[in-house]
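Participant: Sharing a model that was predicted from the sequence below.
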Amino acid sequence: MDQLKNSETLRLYTGFYKTRLNARFRTRKPYKPDDPKIVLSFIPGTILDILIKPGQPVKTGDGLMILDAMKMQNLLKSKVDGKVKRIAVKKGDKVSKGTILIEMD
Amino acid sequence: MALNKKIRELHEKREKLLLGGGEQAIEKQKAMGKRTARERIMALLDTDSFNEYDLFVEHDARDFDMDKKSLPSDGVIIGSGTIYGAPVAVYAQDFTVAGGSLGLMHSRKITKIMDHALKMRMPLIGINDSGGARIQEGVNSLAGYGEIFFRNTISSGVIPQISVILGPCAGGAVYSPALTDFVFVVDNISKMFITGPEVIKTVLGEEISMEELGGARIHSEITGNAHFFSRSEEECFEQIKKLITFIPWSNDRKAKPFEPAEPKPEYNIEKIVPDDPTLPYDVKDVIRAVTDNSDFFEIMENYARNIVIGFGRMNGKTTGFVANQPLEMAGVLDVDSSDKAARFIRYCDAFNIPIITLVDLPGYMPGVDQEHAGVIRHGAKVLYAYSEATVPKITVIIRKAYGGGYIAMASRHLRADFVFAWPGAEIAVMGPEGAANIIFRKEIMSSDDPDGTRKQKVEEYKEKFANPYVAASRGYVDAVIEPSETRKFLLHSINVSENKSIQMPFKKHGLPPF
């Protein structure tokens, strides 16, 4: 029973199985629903311009920031009505995908 | 006398061209740990079997001073030869000539040998080692790629097509291998990607090495683009030769039969599988316990290891095996394993190779990751491939076959020709725990001792339904067999289905969930 030595337990609906877990399963990201109050970079790129200031009230659809990526200028818009709580990047910053750019109140 | 002079002239011309890019370039190639294109062809084919064509082809590019440059044989060698006596058409890109770059005449040589292979109905082997498009030739180079892709597609399912990546294969060039049946890669030598590390860094700011982006290991373990991984070119050629022995020359033939042989006694089929359906074992041992000589030639060994695919021989005849692997992720079907199995099933069907399916799976993989990655459409590929296949389909249910997994794994309902089950098989709509929890919910909830009642109900359910006899009573299973009888039943099934003939409704083509 060499196979049992290195095995872990995988819980499925049909039972608890002794088996090896693969990398895809091990490294999967637990699901988190989108938080509309946090603006993330949806693509890696450069912050070309910041159109708002901390404390400024914004409405859904207002432009917040321009993210330059893949030779395109992407206008990031607010998904909520609220107030800018924090701007986490500066003009000219290079950001990777999924970086927090702005937090709203 | 005059003729002798002409012959001498031919020898001189040949000798010069046979050196490709010249001694310096050859030295560079060796320093990279690579063989030359010509050495590769010689290593792959039977001794003295190679007939070369188009040695004297030259490019006719005129722009950018290209008219002053001579590129021997335009950087690619084509011809035909044999592997263990079987005819094969071959092309090998010569990196020592302008980095193996693809210009118009280079591509015309490749398409010439592709047309030849299709017409003569023989396998095509392409050895890729090229820096990509020859920029000086502009859109002519793109046209060349397009002509190759078109032929790859038209030949698909008619003749076997094998791609060997022995150097860089970047940009559009990767789509020829991607359209072929089997892709071979070698550690530290093969590099495949659409956009390289430099472009990725410039555009996206992500830094990665060539090896991590598209090296042999990445394509064997993560992307699923490669089917065979090896540590050296030599090992790679051995794998190709072995593959050639398992497959037919074309789709109107069967693979050449071998001398029948018994499995090796060290694979004792009665001792491999634990009774407890939650315990693991290596399903490859079960395959080796039934194949001739216990020989199993695995394909995509390191990708989606929860399903095992490959070739073996049964009484000398090439047979495709598809088996759930309880050792890895409990053998679940998920996005990657469905994709892997479905393509192989279609390969076997295209090339007249019977399929034996060994079933032991807890079902499809749950999770947000899987659902969002499209496990519905990828899982559907398995159903599609099995249903559509008209080659003999033989299924052995070893242990668990629950729910959708039972249906997908070549069940009677997808027109398996023979379905056998071992006595310990559990064929049910779901695992006993889950089923009992739903069916006896009220009794369990209202009991003074819910856990005790649950256990009792699970046992009851197991006793009544978690066995092969309910399915056998409906004729969904043809015979409940002892593990030791497995090979006997498999051999008989393959023998009697030699002349299998079924009609499918006419269609231009189906719409598998690509």
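Facilitator: Yep, that arrived.
Participant: Any idea how many residues pack against the closest residue to chain B within chain A?
Facilitator: When distances are taken as Cβ to the nearest Cβ, chain A reaches nearest to chain B at A:T14, 2.8 Å away. C-beta here means a position set from N, CA and C on the backbone, and glycine is covered the same way. A:T14 is surrounded by 25 other residues when neighbours are defined as other Cβ atoms under 10 Å in any protein chain shown.
Participant: Dihedrals phi and psi, residue 95?
Facilitator: Since no chain was named, I'll use chain A. Dihedral angles phi and psi of A:V95 (degrees, to the nearest 10) take the values phi -120, psi 150.
Participant: Correction: the question concerned chain B.
Facilitator: In this entry, B:F95 is assigned phi and psi values of phi -70, psi -20 (degrees, to the nearest 10).
Participant: The one 10 residues further on now?
Facilitator: For B:M105, the backbone dihedrals (degrees, to the nearest 10) come out as phi -70, psi -40.
Participant: low pLDDT regions in the chain?
Facilitator: Picking chain A for this. By pLDDT under 70, the weakly predicted segments of chain A are A:1-3.
Participant: hm, I was asking about chain B
Facilitator: Confidence mapping of chain B against pLDDT under 70 gives the ranges B:1.
Participant: cutoff 80 now
Facilitator: Filtered on pLDDT under 80, chain B yields the residue ranges B:1-3, B:203-205.
Participant: Contact partners for the residue of chain A closest to chain B?
Facilitator: B:362-363, B:400, B:402-403, B:430-431, B:433-434 (Cβ atoms under 8 Å, 6 or more residues apart in numbering or on different chains).
Participant: So which of those residues sit within helices?
Facilitator: Under the assignment DSSP state H, the contacts of A:T14 contribute B:403, B:433-434 to helices.
Participant: restrict the residues you listed to those near chain A?
Facilitator: Taking Cβ under 8 Å from any Cβ of the partner chain as the test, chain A is in contact with B:403, B:433-434 out of the ones in helices among the contacts of A:T14.
Participant: circling back to that earlier point, could I get the ones in helices among the contacts of A:T14 as JSON lines with neighbour count?
Facilitator: Compiled in JSON lines, these are given as follows (neighbours: other Cβ atoms under 10 Å in any protein chain shown):
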{"residue": "B:G403", "neighbour count": "20"}
{"residue": "B:E433", "neighbour count": "18"}
{"residue": "B:G434", "neighbour count": "20"}
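Participant: Go through the residues you listed and say which is closest to B:A471.
Facilitator: Closest approach to B:A471 among the ones in helices among the contacts of A:T14 (Cβ to Cβ): B:G403, at 13.2 Å.
Participant: Would you mind measuring from that closest one to B:P362?
Facilitator: Taken as Cβ to Cβ, to the nearest Å, the spacing of B:G403 relative to B:P362 amounts to 9 Å.
Participant: Let me know whether B:D292 touches B:P257 as I believe.
Facilitator: No. In this structure B:D292 lies outside contact range of B:P257 using Cβ atoms under 8 Å: 10.4 Å.
Participant: show me what contacts the residue of chain B found nearest chain A?
Facilitator: Relative to chain A, the nearest point of chain B is B:G431 (2.8 Å; Cβ to the nearest Cβ). With contact taken as Cβ under 8 Å, 6+ apart, B:G431 is in contact with A:12-15, B:362-363, B:400, B:402.
Participant: contact partners of the helix or strand hosting B:R151?
Facilitator: Using DSSP states H and E, the secondary-structure element containing B:R151 is helix B:139-155. Residues external to helix B:139-155 that are found in contact with it (Cβ under 8 Å, 6+ apart): B:61, B:101-104, B:106-108, B:110-111, B:114-115, B:117-118, B:124, B:133-135, B:161, B:172-173, B:175-176, B:179-180.
Participant: Going through those residues, which ones are buried?
Facilitator: Neighbour-count burial within the contacts of helix B:139-155 applies to B:61, B:101-104, B:106-108, B:110-111, B:114, B:117-118, B:124, B:133-134, B:161, B:172-173, B:175-176, B:179-180; the criterion is 16 or more other Cβ atoms under 10 Å in any protein chain shown.
Participant: So which of the residues you listed are in strands?
Facilitator: Using DSSP state E, the subset of those located in strands is B:124, B:161.
Participant: Give me the subset of the buried ones among the contacts of helix B:139-155 lying in helices.
Facilitator: Among the buried ones among the contacts of helix B:139-155, DSSP H puts B:104, B:106-108, B:110-111, B:114, B:117-118, B:175-176, B:179 in helices.
Participant: Same list, those, but as CSV with distance to chain A please.
Facilitator: Output for those, formatted as CSV (distance: Cβ to the nearest Cβ, whole Å):
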residue, distance to chain A
B:L104, 30
B:H106, 31
B:S107, 30
B:R108, 35
B:I110, 33
B:T111, 34
B:M114, 35
B:A117, 37
B:L118, 38
B:Y175, 21
B:S176, 26
B:L179, 25
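Participant: Relative to A:K71, which of those residues is nearest.
Facilitator: Taking Cβ to Cβ as the measure, B:Y175 is the one of these closest to A:K71, at 23.7 Å.
Participant: Would you confirm that B:L491 contacts B:M314?
Facilitator: Yes. Here B:L491 lies in contact with B:M314, judged by Cβ under 8 Å, at a distance of 5.8 Å.
Participant: okay, these two: which has more neighbours?
Facilitator: Between B:L491 and B:M314, B:M314 has the larger neighbour count (other Cβ under 10 Å), namely 21 against 16.
Participant: what's the nearest residue to the more buried one once chain neighbours are set aside in contact with, if anything?
Facilitator: Leaving out its chain neighbours, the residue that sits closest to B:M314 by Cβ to Cβ, 6 or more residues apart in numbering or on different chains is B:I494, at 5.3 Å. Applying Cβ under 8 Å, 6+ apart, one finds that B:I494 lies in contact with B:314-315, B:317, B:319, B:354, B:392, B:394.
Participant: Mark which of those residues are part of strands, please.
Facilitator: Applying DSSP E to those, the entries found in strands are B:314, B:317, B:319, B:394.
Participant: Residues in a beta bridge with the third one, which ones?
Facilitator: What that stands for is B:T319. The residues paired with B:T319 through beta bridges, assigned by DSSP bridges, are B:G312.
Participant: That one: neighbouring residues, count only.
Facilitator: B:T319 - counted by other Cβ under 10 Å - has 26 other residues nearby.
Participant: before we move on, the earlier item: so for B:D292 and B:P257, which residue has more residues nearby?
Facilitator: When neighbours are counted by other Cβ under 10 Å, B:D292 comes out ahead of the other of B:D292 and B:P257, with 21 against 11.
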